[in-house]
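**Student:** sequence and predicted structure below; questions after.
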Amino acid sequence: MTARRLVYVLNRYSPGDASHFWHVLHLLEELAARGVSILLLIEKADGVPAFHNPGIRVQALRTRLPGLRHLELLLRLRRAVRAGYNRIFVRIAMAAALCAQLAATFSDARVYFWQSGTVHAFDRAQPAGLRKLRWWLTGPLPFFFVRNWVDCFVTGPESMIAYYRDQVGVRGDKLRLLYNDVDVSRFAAIREEQARAGARAALGIGPGQLMLLFVHRFSPVRRTLLYMPDLLERVLQAADVPACVLVVAGGGPELPLLRQLVAERGLEGRVRFLGEVANRRIQELYGAADVFVHPTYNEGFPRVVLEAMAAGLPMVSTDAGGTRDLVGARQSELVVARDDAAGFAERVRVLLRDARLRGEVAVENLAHVQRFATPQIARMYDEVLFT
């Protein structure tokens, strides 16, 4: 049997990071428990994570300066390949993927590159100019080489396989399906009534109020502001909807525009802006919420949807990317077309007004999310990478 030795290249690590890179740590623990020897290479690190399993080694690059950082990464990857590491997994970072493929040249090591997102059409539609030239040099140009050079192009869920093959031009024989994972146990404890009450009190949510939760980055590619006017008007300003508060966790360039929109409508008391929240603490917000809202125009494999499901939350979402692949039949009825901002707000109204429906969808989500639990996905990684 071929030795199972994996180099996992992580873009960045910080204990306070709001991104979903935090989930990677638990996944690596589960992979190591299955007998995979792992070298975690972190490109930009503020601290080094500690692991329980001695089968995981961690190296943080010493320099963050582009060019020099990638040279250091290339040299470390080359040493790892010579030491017998036969699989390299790179998530999102195209320059790192090119370094990995170069390091694997003339060896039996294989490179797996992960990407999931329907952003390519959005990028191509940007107006010509210096900004688009910079985008082309840092986006489509390196992606062309990554797409054609790496051994395997990894994405998920199922609909994203078709997207990358038919619309992005990735060869079908290179494509591999992998799911994102969620640490279900991390979200279980916050469903207990005492934990929930404490989380709601910390946010100032009254006993008679329902809490809507939004967790995501406000970037133009997601076009979240497309949905917000209807959500504010048809839900927060409506007299026939139960009293509710919208809690917003996330940063990004469009966040000031949302703050302005809320202020113009006099809804400062009904919308709470938390900024970016460290992912290692995000479960506390899910535990306080009653409904999760996921309005987005471009997506791939949204891990926030998995987090909401693991927390036992019903949700309203657009059908961007692979979102509909993740949910069951009942929850799917609350997924609307991504161009239907009014329909999105109406589904939120329905959910807020129907406690029984909220309960039914919550039960389905808790059951359905088990297929994305970290031990299951670690097994999937093991099979995809080493068979």
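**Tutor:** Good, I have the coordinates.

**Student:** part of a strand, is Leu40?
**Tutor:** Yes - counting by DSSP: H, G, I helix; E, B strand; the rest coil, one finds Leu40 located in a strand.

**Student:** who's it bridged to?
**Tutor:** Tyr8, Val58 (DSSP bridges).

**Student:** please report the distance of it from Ala93.
**Tutor:** 14 Å (C-beta to C-beta, to the nearest Å). In short, each C-beta sits where N, CA and C put it, glycine included.

**Student:** and what of His216?
**Tutor:** Taking C-beta to C-beta as the measure, His216 falls 21 Å from Ala93.

**Student:** of these two, give the one with the bigger neighbour count.
**Tutor:** Of the pair His216 and Ala93, Ala93 is the one with more neighbours under other C-beta atoms under 10 Å, namely 22 against 19.

**Student:** quick check: which element contains the nearest residue to the more buried one once chain neighbours are set aside?
**Tutor:** Computed as C-beta to C-beta, 6 or more residues apart in numbering, the closest residue to Ala93 that is not its neighbour in sequence is Asn11, at 5.1 Å. Using DSSP states H and E, Asn11 maps to strand 5-13.

**Student:** after whichever strand or helix holds Leu133 comes which helix or strand?
**Tutor:** If you go by DSSP H and E, Leu133 is part of helix 130-138. Beyond helix 130-138 on the C-terminal side, the first helix or strand identified by DSSP H and E is helix 140-149.

**Student:** what comes up buried for that next one?
**Tutor:** Pro142, Phe143, Val146, Arg147, Trp149 (16 or more other C-beta atoms under 10 Å).

**Student:** burial count for Ile88?
**Tutor:** 29.

**Student:** domain map for the chain?
**Tutor:** Residue ranges for the domains of the chain, per automatic domain parsing: 5-182+373-386, 184-371.

**Student:** in TSV: these, plus mean pLDDT.
**Tutor:** Below are the domains of the chain laid out as TSV (pLDDT from 0 to 100):
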stretch	mean pLDDT
domain 5-182+373-386	92
domain 184-371	94
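
**Student:** and the helices in the stretch 101-250 of the chain?
**Tutor:** 120-124, 130-138, 140-149, 158-163, 184-188, 193-203, 228-231 (DSSP state H, counting those that start in this stretch).

**Student:** can you list contacts of the fourth one?
**Tutor:** Looking back up the chat, that one is helix 158-163. Ser116, Thr118, Thr155, Leu175, Leu177, Gly300, Phe301, Gly321, Gly322, Arg324, Asp325 (C-beta atoms under 8 Å, 6 or more residues apart in numbering).
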